[in-house]
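> need the 3D shape of this:
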Amino acid sequence: MLKRIASADFSQLLANSGKLFGGNAGASALNLVAVALIGKALGPAAFGIFAMFVATAQIVSELANLNSWQAIISFSGHAVADKDDARLGEIVRFSALCDILAHLGFVAIATMGIAIALRLSLFPAQLEPLAFLILIPLIADAVTASATGILRLFNRFGYLSFSAPVGPAVTVVGALWLTWQGGSLDDFVAMAIAAMAIPPMIVLIGAIAVLRRQGISLTGPAMRDERGGFLRFLLVTNLNSTLTLIVRRVDILVVGGLGSAYSAGIYRVAKAIGSVTGLLQTPFYVAIFPQIARLVGQRDEGGIRRLSRQAALLMGGVNLAILAGFLVLGSFFLDLVFGANYADAWPVALVYLAGMVFTGLALPLNPIVMAMKRPSLTLVAHIAANTLFLLLCLPLVPQLGALGAALAFALQSLLWFVLMLRFANRSLAESTQC
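Next up, the predicted model:
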């Protein structure tokens, strides 16, 4: 029986993640094309400045993201099962209210931070007139987390798949146009920032349509009885996501700060190549979370272990195959797509892909820990892994440039895998003793 459950769960995991795979694959491919077009048009040094500015906008926007989609799914399980639309509406409205208040606060903080940065001349001179464009993705993203939770809750993965490549497609079209017109650095920056604001609007429109179709009102009282638990959940998940930014965004700024704009540009290309391994990881994570939570509720330890082992072997194997392919064809690919100026990105991307193998193996471990209501363990692992990354960057980046940052990332990913494997096994062992 357990074997049939695990097989059914894995089949469902493949089906759900497959719906997102197409959109994510298209978005990653278009992002790679956009990076190649903009990198060729600007050159490594100017492209490094472009990458740092866009990364700053992404960091500001993501810091305000409460990851409320996880809270919506966690707190709405009984309401969905009981078809309690009134209760579900209360949860959605409270989540959206939290998102809006958080973004309003971050808009105020970011506005003051940008003003101070301009006063201290921290922005490149040619980009100073565009500094406040950093606020555009932040404002557009105000309720995206809650909207995403609604779409995932009601199994609208097809719509999410459609929305994913729209922004990158606009970036590619804009890059082609600006290249043809001989656009400057600030032209490319303005275009990229504007493109970032499009996907959140599409997600919001889809979520509103789903709520109306389900007969859930957008107006009315917000949740009251579980506000404390909801807010605590948001606090822990937001701390985790904030620390994750060190891996996803801040590393470019670290490379640029400790190294040079050239190193930042090379590292950004390596990250773009490494992001290919995330084509399956992101949808798998989104799809496996509720399945593991259901198996936890059934106290099916065998099913949890089988499903997580299948997912880990698949993700680790796929990432290892990509690493092997890049080892053989990477130099040719870089020369063909990015040009001879980016030949130094080959060893950097190779090491970065090695780190992604460990992240693939660790993919099902965090959902296990979170489903067992032990988010503090995930927070400990994030703190340890990201601290290691920063400490390793201090000596490695000045000496090795982008390659040093890639080495730091690979070791960080290894530590994350080891810690999460230990925490997941401990959580499972403790649950069986209860």
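> backbone dihedrals for Asn65, please?
Per-residue torsions, Asn65: phi -80, psi 120 (degrees, to the nearest 10).
> meant to ask about Thr171, not that
Note on Thr171: its backbone torsions stand at phi -60, psi -40 [degrees, to the nearest 10].
> going forward, count from 29.
With 29 as the first residue, the last one maps to Thr199.
> that one and Pro318, how far apart?
For Thr199, the distance to Pro318 (C-beta to C-beta, to the nearest Å) stands at 32 Å. C-beta: built from backbone N, CA, C; applies to glycine.
> quick one: which of the two has more around it?
Thr199 (25 against 20; other C-beta atoms under 10 Å).
> check contacts around that one.
By C-beta atoms under 8 Å, 6 or more residues apart in numbering, the residues touching Thr199 are Leu58, Asn59, Ala62, Met219, Ala220, Ala223.
> leaving out chain neighbours, which residue sits closest to Pro423?
Ranked by C-beta to C-beta, 6 or more residues apart in numbering and with sequence neighbours excluded, the top spatial neighbour of Pro423 is Gly432, at 7.7 Å.
> and Val238, what helix or strand is that in?
Val238 is located in helix 226-242, with elements delineated by DSSP states H and E.
> what's that helix in contact with?
Contacts of helix 226-242 (C-beta under 8 Å, 6+ apart): 113, 117, 120, 165, 168-172, 174-176, 178-179, 182, 184, 187-188, 190-192, 194-195, 198, 245-246.
> chain center to stretch 395-410, what's the gap?
Distance of stretch 395-410 from the chain centroid (C-alpha atoms, centre = their mean, to the nearest Å) equals 17 Å.
> list the contacts of it.
So stretch 395-410 is contacted by 98, 261, 264-265, 267-268, 271-272, 313, 316-317, 320-321, 324, 332, 336, 394, 444, 447-448, 451-452, 455-456, 459 (C-beta under 8 Å, 6+ apart).
> show me the shaky parts of the chain.
29-37, 40, 105-106, 108-110, 273-277, 307, 321-322, 324-326, 459-462 (pLDDT under 70).
> ranges for the strands of it?
Counting by DSSP state E, no segments of the chain form strands.
> longest helix in it, please.
Ranked by residue count under DSSP state H, the longest helix found in the chain is helix 30-70.
> packing partners of that one?
On a contact count with 3 or more C-beta pairs under 8 Å, 6 or more residues apart in numbering; DSSP states H and E, helix 30-70 meets helix 72-91, helix 185-191, helix 194-209, helix 213-224, helix 289-302, helix 306-325, helix 329-365.
> output the second one as PDB - backbone C-alpha positions only.
When you say that, I think you mean helix 185-191. This file holds the C-alpha atoms of helix 185-191, laid out as PDB (Å, rounded to 0.1, in the frame of the first residue of the first chain):
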ATOM      1  CA  PHE A 185      -0.200  25.800 -12.400                       C
ATOM      2  CA  GLY A 186      -0.900  26.300 -16.000                       C
ATOM      3  CA  TYR A 187      -1.600  30.000 -15.500                       C
ATOM      4  CA  LEU A 188       1.600  30.400 -13.500                       C
ATOM      5  CA  SER A 189       3.500  28.600 -16.300                       C
ATOM      6  CA  PHE A 190       2.100  31.100 -18.700                       C
ATOM      7  CA  SER A 191       3.100  34.200 -16.600                       C
END
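> quick one: that helix to chain centroid distance?
For helix 185-191 - counting by C-alpha atoms, centre = their mean - the centre lies 16 Å from the chain centre.
> buried residues, it. List them.
For helix 185-191, the neighbour count (16 or more other C-beta atoms under 10 Å) marks Phe185, Tyr187, Leu188, Ser189, Ser191 as buried.
> likewise for the third one?
Of the residues in helix 194-209, those buried by neighbour count under the rule 16+ other C-beta under 10 Å are Val194, Gly195, Pro196, Ala197, Val198, Thr199, Val200, Gly202, Ala203, Leu206.
> of those, which is the nearest to Gly256?
Nearest to Gly256 among the buried residues of helix 194-209 is Gly195, at 36.0 Å by C-beta to C-beta.
> give me the nearest residue to that closest one, chain neighbours excluded.
Pro227 (4.5 Å).
> give the contact list for Val63.
Arg296, Val297, Ala300.
> switch the cut-off to 7 Å
With contacts defined as C-beta atoms under 7 Å, 6 or more residues apart in numbering, Val63 is in contact with Val297, Ala300.
> cool, the one 5 residues further on as well?
Residues counted as contacts of Lys68 (C-beta under 7 Å, 6+ apart) are Phe366, Gly367.
> how near is it to Ala203?
For Lys68 relative to Ala203 (C-beta to C-beta), the value is 9 Å.
> next one: Gln242
For Gln242, the distance to Ala203 (C-beta to C-beta) stands at 39 Å.
> next one: Arg450
Taking C-beta to C-beta, one finds Arg450 at 44 Å from Ala203.
> do the same with Gly432
29 Å.
> what's the answer for Val425, then?
In terms of C-beta to C-beta, Val425 sits 28 Å off from Ala203.
> that older thread, give me the buried entries from the contacts of helix 226-242.
Among the contacts of helix 226-242, those classed as buried by neighbour count (16+ other C-beta under 10 Å) are 117, 120, 165, 168-172, 174-176, 178-179, 182, 184, 187-188, 191-192, 194-195, 198.
> residues near Gly344, how many?
19.
> if I read this right, Val365 contacts Gly67, doesn't it?
No. Between Val365 and Gly67 there is no contact under C-beta atoms under 7 Å: 9.2 Å.
> among those two, which residue is more densely surrounded?
Gly67 (27 against 18).
> that one and Pro193: what is the separation?
In this view, Gly67 and Pro193 are 20 Å apart by C-beta to C-beta.
> ok, Leu146 next?
34 Å.
> now do Ala433
Ala433 is 28 Å from Pro193, by C-beta to C-beta.
> just want to know which of those two has more residues nearby.
In this view Ala433 and Pro193 are compared by other C-beta under 10 Å, and Ala433 has more residues nearby, 30 against 21.
> which residues does the closest residue in space to that one that isn't next to it in sequence contact?
Spatial nearest neighbour of Ala433, chain neighbours left out: Val283 (4.8 Å); criterion: C-beta to C-beta, 6+ apart. Residues in contact with Val283, defined by C-beta under 7 Å, 6+ apart, are Ser291, Ala292, Tyr295, Val425, Ala430, Ala433.
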